[in-house]
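S.K.: Pasting the sequence and the predicted coordinates here, then a few questions.
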Amino acid sequence: RSAGILLEADVTIRNLNLSLSNKCHAAICANGYRLELDNVTYENGSRKGHVFAGKMTKYQGDSYSEKTGTSGQVIIKGSKTKLGNIYAGSMNSSFDLPVTITIEGATNMQVAQMLFDDDIIKSSKAFELFAGLGGRENNYVVGEHFVRPNMPYETILDELTKVPTEEMGESIQVTFPEGTTLIDAANILEKNHICDAEEFIFYFNSGGFGVGFEDRLPLDSSLKFQKMEGYFFPDTYFFYENSEPEEVCQKIYYNFDTKMNGEFSTSKKTYATRYERMEELEMNLDELITLASIVQKEAANVRDMNDVAAVFRNRIENKDTFPKLESDPTSNYSNDVIRPNIEYYNQTIIDAYDTYKSAGLPPGAICNPGIEAIDAVLTNKKTKNFYFIANIRTNETFFSETLEQHEAKQAEIEQYYIDNPVEE
């Protein structure tokens, strides 16, 4: 996952061109041994082919428990050898992962402590002194900054003290409401002169930003209309005009993962992260976000979300009686979003999203759900309801256990509409 080649002895590598998976954070980890590279090159898109001399730290799930390791020896030979940076320290899983540092009037000591707490630097005191030697300890710029553990102190300081230039444009606040589709979100970005909509969608769906939740995504996305629909967390963001789409995507990916890594509580138990609760419910991330997107579109208000989620969970768990979820918003997405925007017409994909035509959950989300809809699914409220209907005039939702009860409530609502006509 993290190194394409992990040494277990002293090794000499000659006349080799490496091309590794994008999930490899480094080309080679010497792991504390002697590594001689002679005419070795690395080519793989945006990955740089970094080499770590130090030991690979102990792997535990998605993190590494140790932070340091004994350095090995890396010897570079041959005029053709072309790799990324050579690091003396040990390799850990987060060396290529971005961390957002938000500065709001923080002192040099506070900034150094934030960097240390986020595992960007190994010594807050050393960073304080370094910033002081360069005379930049009071030049930190207010706002969000992206930094990485593999950055030298000089580069970190450059990022934290960088004053926005005219070329970067103004910082723009943009709010994306819950239930926004990826296409709508991309158009909002373009309208606000942040980045091109088509380029954003391309990079957002491509992924590969090294953010934790990406490892939880399914390998097969062949039936998906937008691979990453559902993962654009609706929130208020600050972007610069004319930003690179990759930077915009990275910030949104990071925000989604941060929210999912947040604490979640039910009436009986508190979970360290939402992922922990999701796994207890034996759901994968795509199932969670897809169902949450349906709840987001179906619920008339936040207070009904738990009950709406329960209806769909009950149907999913009783698929012999209820093989189809029969959700109107999935039909709307199929006909109003996919059909007019799909690049190559594919009736199979169009039908797969329509839960009146296809069984179970659609292949992917139908919008980008907010935290309330996600939490409604994770709450997993227990009811016996299989139906619901809303009175759009009163904003009330009525839940039923049987079809007869549901049809009776439907008749009541229709009569209400007749007795209370909308005034022109």
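M.R.: Looks like it arrived, so ask away.

S.K.: those strands in the stretch 51-200 of the chain, which residues are they?
M.R.: 51-52, 59-60, 63-64, 73-77, 86-87, 99-103, 143-147, 171-175 (DSSP state E, counting those that start in this stretch).

S.K.: Low-confidence stretches in this protein?
M.R.: Within the chain, the stretches with pLDDT under 70 are 1-4, 6, 19-27, 29-34, 38-39, 42-102, 150, 164-170, 424.

S.K.: got the residue ranges for the helices in the stretch 51-200 of the chain?
M.R.: 108-117, 124-133, 153-160, 182-191, 197-206 (DSSP state H, counting those that start in this stretch).

S.K.: Out of these, flag the one nearest residue 290.
M.R.: helix 182-191 (13.6 Å; CB to CB). Backbone N, C-alpha and C define where each C-beta goes, glycine included.

S.K.: From the contact counts, what lies against that closest one?
M.R.: Using 3 or more CB pairs under 8 Å, 6 or more residues apart in numbering; DSSP states H and E, the elements in contact with helix 182-191 are helix 197-206.

S.K.: could you give the angle of the helix it packs on to helix 182-191?
M.R.: Interaxial angle, helix 197-206 versus helix 182-191 (axes from the mean of the first three to the mean of the last three CA atoms, to 10 degrees): 130 degrees.

S.K.: Pull helix 197-206 out as CSV, backbone CA atoms only.
M.R.: The C-alpha coordinates for helix 197-206 follow below in CSV (Å, rounded to 0.1, in the frame of the first residue of the first chain):
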residue,chain,number,x,y,z
ALA,A,197,-16.6,22.7,-14.0
GLU,A,198,-15.6,19.9,-16.3
GLU,A,199,-12.0,19.8,-15.1
PHE,A,200,-13.2,19.7,-11.5
ILE,A,201,-15.5,16.7,-12.2
PHE,A,202,-12.7,14.9,-14.0
TYR,A,203,-10.2,15.3,-11.1
PHE,A,204,-12.9,14.7,-8.4
ASN,A,205,-13.9,11.4,-9.9
SER,A,206,-10.3,10.4,-10.6
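
S.K.: Residue 113: neighbouring residues, count only.
M.R.: Using other CB atoms under 10 Å, residue 113 has 17 neighbouring residues.

S.K.: right, and it touches residue 124 too?
M.R.: Yes - Residue 113 is within contact range of residue 124, at 5.2 Å (criterion: CB atoms under 8 Å).

S.K.: for residue 36, phi and psi?
M.R.: phi -110, psi 120 (degrees, to the nearest 10).

S.K.: Okay, it and residue 415: tell me how far apart.
M.R.: Residue 36 sits 84 Å away from residue 415, going by CB to CB, to the nearest Å.

S.K.: more neighbours, those two?
M.R.: residue 36 (17 against 10).

S.K.: That one bridge partners, please.
M.R.: residue 12, residue 75 (DSSP bridges).

S.K.: does it really touch residue 12, like I thought?
M.R.: Yes - at 4.1 Å, residue 36 and residue 12 qualify as touching, with contact defined as CB under 8 Å.

S.K.: most centrally placed residue in the protein?
M.R.: residue 253 (3.5 Å; CA atoms, centre = their mean).

S.K.: Now do the contacts for that residue.
M.R.: Going by CB atoms under 8 Å, 6 or more residues apart in numbering, residue 253 touches 207, 209, 211, 213, 214, 231.

S.K.: Show me which pair in those is furthest apart.
M.R.: 209 and 231 (11.0 Å).

S.K.: okay, those two: which has more neighbours?
M.R.: More crowded of residue 209 and residue 231, by other CB under 10 Å: residue 231, with 29 against 22.

S.K.: part of a helix, is the more buried one?
M.R.: No - Residue 231: not assigned to a helix; according to DSSP: H, G, I helix; E, B strand; the rest coil it is coil.

S.K.: Pop out the phi and psi values for it.
M.R.: According to degrees, to the nearest 10, residue 231 has phi -100, psi 0.

S.K.: which one is it nearest to, not counting chain neighbours?
M.R.: In space, residue 231 comes closest to residue 256 once its chain neighbours are excluded; the distance is 5.4 Å by CB to CB, 6 or more residues apart in numbering.

S.K.: swap in residue 348?
M.R.: For residue 348, ignoring the flanking residues on the chain, the nearest one in space by CB to CB, 6+ apart is residue 223 at 7.1 Å.

S.K.: What about the one you found, how many residues nearby?
M.R.: Residue 223 has 15 neighbouring residues, counting by other CB under 10 Å.

S.K.: I'd like to know how far it sits from residue 174.
M.R.: 31 Å.

S.K.: again with residue 263
M.R.: 27 Å.

S.K.: now swap in residue 189 and tell me
M.R.: Taking CB to CB, one finds residue 189 at 7 Å from residue 174.

S.K.: which of these two has more neighbours?
M.R.: residue 189 (26 against 16).

S.K.: Now do the contacts for the more buried one.
M.R.: Going by CB under 8 Å, 6+ apart, residue 189 touches 174, 195, 197, 200, 239, 248.

S.K.: Thank you, goodbye.
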